[in-house]
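*Asks:* let me see the structure of the following:
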Amino acid sequence: MTDEIDFEVDPEDLPSRAAESLRGSPSVVVDDLHVTYKVVGGKPAPSAPRRGWMSRLRPGGGGPVGAVSEVPAVRGVSFVAHHGESVGIVGTNGSGKSTLLRAVAGLIPPTSGRVFHSGQAALLGVNAALMRGLSGERNIMIGGLALGLSSKEIRERMPEIVDFAGLGDFVYLPMSAYSSGMAARLRFAISTMARPDVLMIDEALATGDAAFRQKSKQRIDDIREHAGTVFFVSHSLASVGAMCTRIIWLDKGQIRMDGSVDEVSEAYRAHLRSASASGPAGAVLGQSKKPAPKKPAPKRGAKPAAAPSKGTAPSKGTAT
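*Replies:* This next block holds a predicted model:
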């Protein structure tokens, strides 16, 4: 069961634009990164010999189950992020945003290329491993230990984390009793309590109401002020504009544009409008062609009308 929902909000409910800050030294360097997935059995093997059912019953006689397909998710991505930056990553579904974050966090080995980062990298929802059968209090302890904090440090920060997530007495209940919003708020609170050097937030982050969104932005700004780097993936350009100072636009696994928030947002919106306008042939911005009316089926038992013979004119009725 998924505990997260998309972070899609109305622009008027978002906090103000993220303030520009002085960039420090490089914190993340990605050099010609390629990530390719191998899928087995996605399509039949082109040269697989046809075998009878008797041969498939023998051990090892089943033959190949399918060909191996290669899916390039990230293709030749290179960029440098600095201390104090908040970088938004946008792109349509399947453009490689989540794969890029996982590769930068070290969770996916690159097919080729190199990734360097100074300090500890935390991908939201992964480093803070939440267990539904345990209480929120126990999950905070486990998540804090996974982030490198001592038991004493976690106990000292426990009231602050509970208050930040807005759990109250629910912190003593198992997480199976939590709503999706409560679980997402706790996940954000745990992942940011250690102030990681590089914080990566995937598009599945849910931050609840406007008040919690404001607290989330303040926490992200606090990480940036302490010379941290934040990566934020979202389909909402309004959210990216409020949280980030720079945008990287991914398209089919490659960087299509990298620049300021206003410049990239305008180009990305124009691309989305163009893609919507050039939809299926004959469709006009959400209006599809009406299907042709179906001919009524002949009645059961009715005989088809005989065609007139060649050279014979159809008979006319007799006038009275």
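*Asks:* start and end of stretch 102-110, how far apart?
*Replies:* One end of stretch 102-110 sits 10 Å from the other (C-alpha to C-alpha, to the nearest Å).
*Asks:* pull out the buried residues from it.
*Replies:* Neighbour-count burial for stretch 102-110 flags 102-105, 108, 110 (criterion: 16 or more other C-beta atoms under 10 Å). The way it works is simple: take the backbone N, C-alpha and C, and place the C-beta from them, glycine included.
*Asks:* can you redo the residues you listed as CSV with secondary structure and distance to L145?
*Replies:* Output for the buried residues of stretch 102-110, formatted as CSV (DSSP: H, G, I helix; E, B strand; the rest coil; distance: C-beta to C-beta, whole Å):
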residue, secondary structure, distance to L145
R102, helix, 22
A103, helix, 25
V104, helix, 23
A105, coil, 19
I108, coil, 24
P110, coil, 29
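*Asks:* just those residues now: which is nearest G168?
*Replies:* Each of these was checked against G168 using C-beta to C-beta; the closest is A105, at 31.6 Å.
*Asks:* what's near enough to touch the closest one?
*Replies:* Applying C-beta atoms under 8 Å, 6 or more residues apart in numbering to A105 gives the contacts 121-123, 126, 200.
*Asks:* if we ignore the residues flanking it in sequence, what's nearest it?
*Replies:* Nearest-residue entry for A105: L123, 4.2 Å, with adjacent residues in sequence omitted and distances by C-beta to C-beta, 6 or more residues apart in numbering.
*Asks:* lowest-confidence entry in the contacts of A105?
*Replies:* Ranked by pLDDT, these bottom out at V126 (42).
*Asks:* related to what we said a few turns ago, could you tell me which residues make contact with the residue nearest to A105?
*Replies:* Taking C-beta under 8 Å, 6+ apart, we find L123 in contact with 101-102, 105, 107, 200, 202.
*Asks:* and the strands in the stretch 201-320 of the chain, which stretches?
*Replies:* Counting by DSSP state E, counting those that start in this stretch, the segments of the stretch 201-320 of the chain that form strands are 229-233, 246-251, 254-259.
*Asks:* that older thread, now the residue nearest to A105: how far from L107?
*Replies:* To L107, L123 is 7 Å away according to C-beta to C-beta, to the nearest Å.
*Asks:* quick revisit: identify the bridge partners of the residue nearest to A105.
*Replies:* Taking DSSP bridges, one obtains M200 as the residues bridged to L123.
*Asks:* in the protein, where is pLDDT below threshold?
*Replies:* Along the chain, segments meeting pLDDT under 70 span 1-22, 41-67, 125-129, 203-209, 227, 279-320.
*Asks:* in it, which strand is the longest?
*Replies:* Ranked by residue count under DSSP state E, the longest strand found in the chain is strand 26-43.
*Asks:* tell me the angle of it relative to strand 254-259?
*Replies:* With axes from the mean of the first three to the mean of the last three C-alpha atoms, to 10 degrees defining the directions, strand 26-43 sits at 150 degrees from strand 254-259.
*Asks:* end-to-end on stretch 88-101?
*Replies:* Start-to-end span of stretch 88-101 (C-alpha to C-alpha) is 11 Å.
*Asks:* now do the buried residues in it.
*Replies:* Buried residues in stretch 88-101 (16+ other C-beta under 10 Å): 88-91, 95-101.
*Asks:* how about the contacts of A105, which pair is most distant?
*Replies:* Going by C-beta to C-beta, the pair spanning the contacts of A105 furthest: A121 and V126, at 10.2 Å.
*Asks:* check contacts around D32.
*Replies:* 76-78, 112-114.
*Asks:* now these in JSON lines, with neighbour count, distance to S191 and secondary structure?
*Replies:* What follows is the contacts of D32, written out as JSON lines (neighbours: other C-beta atoms under 10 Å; distance: C-beta to C-beta, whole Å; DSSP: H, G, I helix; E, B strand; the rest coil):
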{"residue": "G76", "neighbour count": "14", "distance to S191": "30", "secondary structure": "strand"}
{"residue": "V77", "neighbour count": "24", "distance to S191": "24", "secondary structure": "strand"}
{"residue": "S78", "neighbour count": "13", "distance to S191": "27", "secondary structure": "strand"}
{"residue": "S112", "neighbour count": "11", "distance to S191": "30", "secondary structure": "strand"}
{"residue": "G113", "neighbour count": "17", "distance to S191": "26", "secondary structure": "strand"}
{"residue": "R114", "neighbour count": "11", "distance to S191": "26", "secondary structure": "strand"}
